[in-house]
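Fold the following.
(2 chains)
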There are 2 protein chains.
Amino acid sequence: MPNPTAAMLVIGDEILSGRTRDANLHHLAQQFTAAGIDLAEARVVADDHDTIVAAVNALRARYDIVVTSGGIGPTHDDITADAIAAAFGADIDVREDARALMAAHYAQTGRELNEARLRMARIPDGAELIENEVSAAPGFILGNVYVMAGVPSVFNAMLARVLPTLNTGTPLLSASVRVERAEGDIAGPLRDLAKEYGDLAFGSYPFRDGDVYGANVVVRGTDKARIDSATARLSEMFA
Amino acid sequence: MPNPTAAMLVIGDEILSGRTRDANLHHLAQQFTAAGIDLAEARVVADDHDTIVAAVNALRARYDIVVTSGGIGPTHDDITADAIAAAFGADIDVREDARALMAAHYAQTGRELNEARLRMARIPDGAELIENEVSAAPGFILGNVYVMAGVPSVFNAMLARVLPTLNTGTPLLSASVRVERAEGDIAGPLRDLAKEYGDLAFGSYPFRDGDVYGANVVVRGTDKARIDSATARLSEMFA
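Below you'll find the predicted structure:
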């Protein structure tokens, strides 16, 4: 069976304005790759209702799993939950199970569960909560869409909770060979080797280290013995 | 006149597999924001011909400017130039102007302009070259699509060359106020202020600094006096 496919939707003006450098895509990519889920696409969009709705609907139709990050906090610019509900045509309001999680947390911390914070208990009908051990306000799952926080510590905690529940596939394995020869000098033989090992994917990533021009050649696939064989050949060829 | 709109297309398996953390989106976002070009969307796709063609065609129809990064090196996995040509229905082959740039560079460095390196002189018919002072192999401009390298030092050099030639708009200015109160406690008054200053955009980005829960409130707009007025109000309200 082929691996499940996935897409990520990063929601936030702050990424597109250059204020913040996104960290969640890189983490999700590593976790999904290790789990055998093929992250096939990522999109970054602004905090705009119609834009989020369109992107969610495009991605959820095309991929098995869609993960969103950002826009589920207490302030007026946090509009993701309502946009996801609209994408599914679902009603949304403060939900008792989400409110209870947050009430327990705020009772402990002594902070007030005010109207703004209650916005974070707005959950679409039919969604399953993703608990948040960092700051209580939950994410949620609606259909094949996993709605998570943008703050990296919270995103990571939510992902850790969700990952064991996902259908996973055959993990993509990889190995890297550092070649201290310029990429243009290895490209011909590398192409031939890639043809010979048609079941593996070969990527070449150039680097410059002082006066040394080189490339990290990365071999990816699901069969460790084949990857070992290919990297041994690479080392012979380009030692 | 409204600002020009732009999208970025990051091309590369290595980003989606988690091997590499993209750096070019963040740099482009900062440069475009300062130049008054609205970066409205970014996508990351794999090294797959049909996927790149579809993404380029979707984005170039929707935005004034599309910038791509990645996939223009000498190895077999570098397929961006051919995909861009296909997206435009343009022919592509080694072009004499690109070959001359590279021949001059390799004559200096003593490296061979071999068949693999000549792949980097494959330029679609009708495209304008983007010179590359770092490693000679050029990017190119076809229609409203700017095709640049994925290696950050080369991407940045190409962007610096292209930026002065773009139609730019009114730079988006921003100011940030650090508020040492939890986001949920400031959300109500912040929403009211955002309504009062309807010509500005207000973003709230929570942080935790030791025991302090706070938020950086960012005000964005094109009128410096209005931004100064709004940040003064924020400081009063949440000091």
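
elements contacting the least confident helix or strand in chain A by mean pLDDT?
Every helix and strand in chain A was compared by mean pLDDT, DSSP states H and E; the lowest is strand A:201-209, with a mean of 91. The elements that strand A:201-209 packs onto, with contact taken as 3 or more C-beta pairs under 8 Å, 6 or more residues apart in numbering or on different chains; DSSP states H and E, are helix A:183-196, strand A:212-221, helix B:13-16. No exception for glycine: its C-beta is placed from N, CA and C like everyone else's.

Taking helix A:183-196 as reference, get the angle to it.
160 degrees (axes from the mean of the first three to the mean of the last three C-alpha atoms, to 10 degrees).

what pairs with strand A:201-209, and is each one parallel or antiparallel?
When sheet partners are counted by DSSP bridges, strand A:201-209 sits next to strand A:212-221 (antiparallel).

If we go by neighbour counts, what in the partner strand is buried?
A:213-221 (16 or more other C-beta atoms under 10 Å in any protein chain shown).

Can you point out the buried residues in the least confident helix or strand of chain A?
Buried, per 16+ other C-beta under 10 Å, within strand A:201-209: A:201-206.

Please identify the helix or strand for the residue nearest to the spatial centre of chain A.
For chain A, the residue nearest the mean C-alpha position is A:L28 (3.3 Å; C-alpha atoms, centre = their mean). According to DSSP states H and E, A:L28 maps onto helix A:24-35.

Whichever helix or strand comes after that helix packs against which elements?
Downstream of helix A:24-35, the next assigned helix or strand under DSSP H and E is strand A:38-45. Judged by 3+ C-beta pairs under 8 Å, 6+ apart, strand A:38-45 is in contact with strand A:5-11, helix A:13-16, helix A:24-35, helix A:49-62, helix B:13-16, strand B:38-45.

Can you list the strands that the last one pairs with?
In this case it means strand B:38-45. By DSSP bridges, strand B:38-45 pairs with strand A:38-45 (antiparallel), strand B:5-11 (parallel).

got the domain boundaries for chain A?
A:5-165, A:173-238 (automatic domain parsing).

Between the two ends of the last one, how far is it?
The straight-line separation of the ends of domain A:173-238 (C-alpha to C-alpha, to the nearest Å) is 22 Å.

repeat for stretch A:17-27
Stretch A:17-27: ends 21 Å apart by C-alpha to C-alpha.

Now do the contacts for the residue nearest to A:K224 when sequence neighbours are not counted.
Nearest residue to A:K224 in three dimensions, chain neighbours excluded: A:L173, at 5.7 Å (C-beta to C-beta, 6 or more residues apart in numbering or on different chains). By C-beta atoms under 8 Å, 6 or more residues apart in numbering or on different chains, the residues touching A:L173 are A:220-224, A:227.

what's the farthest-apart pair in those residues?
Largest separation among those by C-beta to C-beta: A:R220 and A:K224, giving 11.6 Å.
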